[in-house]
Every structure is written in structure tokens, then in C-alpha cells.
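> dropping the sequence and predicted coords here.
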Amino acid sequence: MAAPLELSCWGGGWGLPSVHSESLVVMAYAKFSGAPLKVKVIDNTWRGSRGDVPILTTEDNIISQPAKILNFLRKQKYNADYELSAKQGADTLAYIALIEEKLLPAVLHTFWVESDNYFSVTRPWFASRIPFPLSLILPGRMSKGALNRILLTRGEPPLYHLREVEAQIYRDAKECLNLLSNRLGTSQFFFGDTPSTLDAYVFGFLAPLYKVRFPKGQLQGHLQRLSNLCRFCDDILHSYFRLSLGDG
């Protein structure tokens, strides 16, 4: 493709190319599919006003949301799922839906709602990459957005308040991690020897949970006991991101 592809995304730390799950999903998929993305990491010169990254910019398009970005890349012939069967394609959709329903709320809670984690890790990290005075406003807005997203997916009646759904959120997330661990087994990737869309999603959501050092991490502790999922994250970091890692 002649037009340049530029991905705006949150940057990295703790040995990750990005600490932001949805940015990582797109970055991993691009590596798997060979898409020639130029990564533009948000830093303290950033002039945006919201936290809605990743954003893919081409000569003719501005695309946000991982699913839409991946669909665009596939249309440009950057397809990491080329060798998958129809059943594997259907399994991919089912597992991504499971991740978004069962795992995402707990990841959001770990980063943005658990107060010790938010005030000691998440808020300082993101604020350091946002220009003043937005650095005073945007992290709090992102935290509120994460809380609303959790309650939207998990706060159905009669569970209206976060503390009433918190225990269920983490039970669901641990169950999801167990299912992913069982599905991966001893394989290198979820569908054999070649990474695909599902691997990008699993990596994107697990790697920050695995690597970022939180003072409170009950879900992190559960993940660290699932050695095949940890090995999966480490292998992708080593094989696809070794030259771009940085401790932000």
C-alpha cells in the first residue's frame, strides 16, 4: 500500500511497547500481519483532547477502535488470519467477545478504579505523557470513563453499584483467564504455530496485567500462576517487540 499508515497510541513502560491494552492489540496485529505501521507515541507534546487512542491515520482515513483498525488492515491485504479455517474464525469472534465481556471489566478496574493502583501507578504514568493543563483533567476523565464502561457491562439490576459487582467482576475475569489457559495449552499460539487476531487480543489485554507493577493485583496474581499465558506474553514480546522495548 502506497499511503503511509500512522498509529497514534500510548507508549510503553515495564518492558512493554505500550501499557494500553487496545493500543497493544493493534501493534501486535500489525507485527503479525506485516502491516508497515509508523508508530507515533503520545508524549507530553500531544495536542489531542481525549484519550480515545489508538488512532490509525492514512492519506484518506482516520480510524479508531481496534476492531475497525484491524478490519481496515485486512482490506489492505494485511491479514493475520489468512490460514484460519471457518471454525477457527468463529472461535476467534467468540473468544474476543468473552475477553471483552469477562476480562475487560477487571482490567479496567485494576488500572483505573482500584484507588491504590490508580493514584500510585496509572494516574502518574498517563499524566506524565499529557500536556499541562490536560494532565490535571484527562486521567480523571479516563477513570470515570472506565468506571462507566464497567457498570455498563456489569451493572445490570439489581447490581447498581461498583462494590456490589466488584467480586463478580474478578470471579468472571479469573474464569476467563482459566479458559484461555486451557485453550492455549502447550501450543505457542492459539491456533498453532502462527499468531492471529485472537493472539493479538489476548496479548493486548494480558501483557499490561502481567508486566505493570501494581500495589494491588489480585487478578495479576492469578495470571502469574498460569505459566503458559505468561510464557505466551514473554514469547511475543521477545519475538516481535525486542527492538522497540523501552521503560517509560
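Structure's in. What do you need?
> the longest helix out of those in the chain packs against which elements?
For the chain, the longest helix by residue count, based on DSSP state H, is helix 162-184. Helix 162-184 sits against helix 86-98, helix 104-108, helix 134-154, helix 197-211, helix 218-224, helix 227-240, with contacts defined as 3 or more Cβ pairs under 8 Å, 6 or more residues apart in numbering; DSSP states H and E. Where C-beta positions appear, they are placed from N, C-alpha and C, glycine not excepted.
> ok, now with 7 Å
helix 104-108, helix 134-154, helix 218-224, helix 227-240 (3 or more Cβ pairs under 7 Å, 6 or more residues apart in numbering; DSSP states H and E).
> show me the contact partners of the shortest one.
What that stands for is helix 104-108. Helix 104-108 is contacted from outside by 21, 146, 149, 150, 153, 154, 169, 170, 173, 205, 209, 219, using Cβ atoms under 7 Å, 6 or more residues apart in numbering.
> quick one: mean pLDDT for that helix?
Mean pLDDT, helix 104-108: 95.
> how far does that helix sit from its chain's centre?
Offset of helix 104-108 from its chain centre (Cα atoms, centre = their mean, to the nearest Å): 10 Å.
> of the helices and strands packed on helix 162-184, flag the one that's most buried.
The highest mean neighbour count among the helices and strands packed on helix 162-184, using mean count of other Cβ atoms under 10 Å, belongs to helix 104-108: a mean of 24.
> mean pLDDT for the helices and strands packed on helix 162-184: which is lowest?
Of all the helices and strands packed on helix 162-184, helix 134-154 carries the lowest average pLDDT, namely a mean of 87.
> which ones are touching residue 113?
By Cβ under 7 Å, 6+ apart, the neighbours of residue 113 are 143, 146, 147, 150, 162.
> residue 40 reaches residue 10, doesn't it?
No: contact criterion Cβ atoms under 7 Å: residue 40 and residue 10 do not qualify, at 10.8 Å.
> more crowded one of the two?
A count of neighbours by other Cβ atoms under 10 Å puts residue 10 above the other of residue 40 and residue 10, at 24 against 16.
> surely that one touches residue 43?
No: proximity of residue 10 to residue 43 does not meet the contact threshold set by Cβ under 7 Å, at 9.8 Å.
> residue ranges in the chain under the pLDDT threshold?
For the chain, residues meeting the criterion pLDDT under 70 lie at 1-3, 44-51, 154-162, 243-248.
> how near is the residue nearest to residue 170 when sequence neighbours are not counted to residue 17?
Using Cβ to Cβ, 6 or more residues apart in numbering and skipping residues adjacent in sequence, the residue nearest residue 170 is residue 106, 5.5 Å away. Residue 106 sits 22 Å away from residue 17, taking Cβ to Cβ, to the nearest Å as the criterion.
> can you check residue 166 too?
Taking Cβ to Cβ, one finds residue 166 at 30 Å from residue 17.
> adding distance to residue 92, write the helices and strands packed on helix 162-184 out as TSV.
Listed next are the helices and strands packed on helix 162-184 as TSV, based on distance: least, Cβ to Cβ, whole Å:
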stretch	distance to residue 92
helix 104-108	16
helix 134-154	20
helix 218-224	21
helix 227-240	16
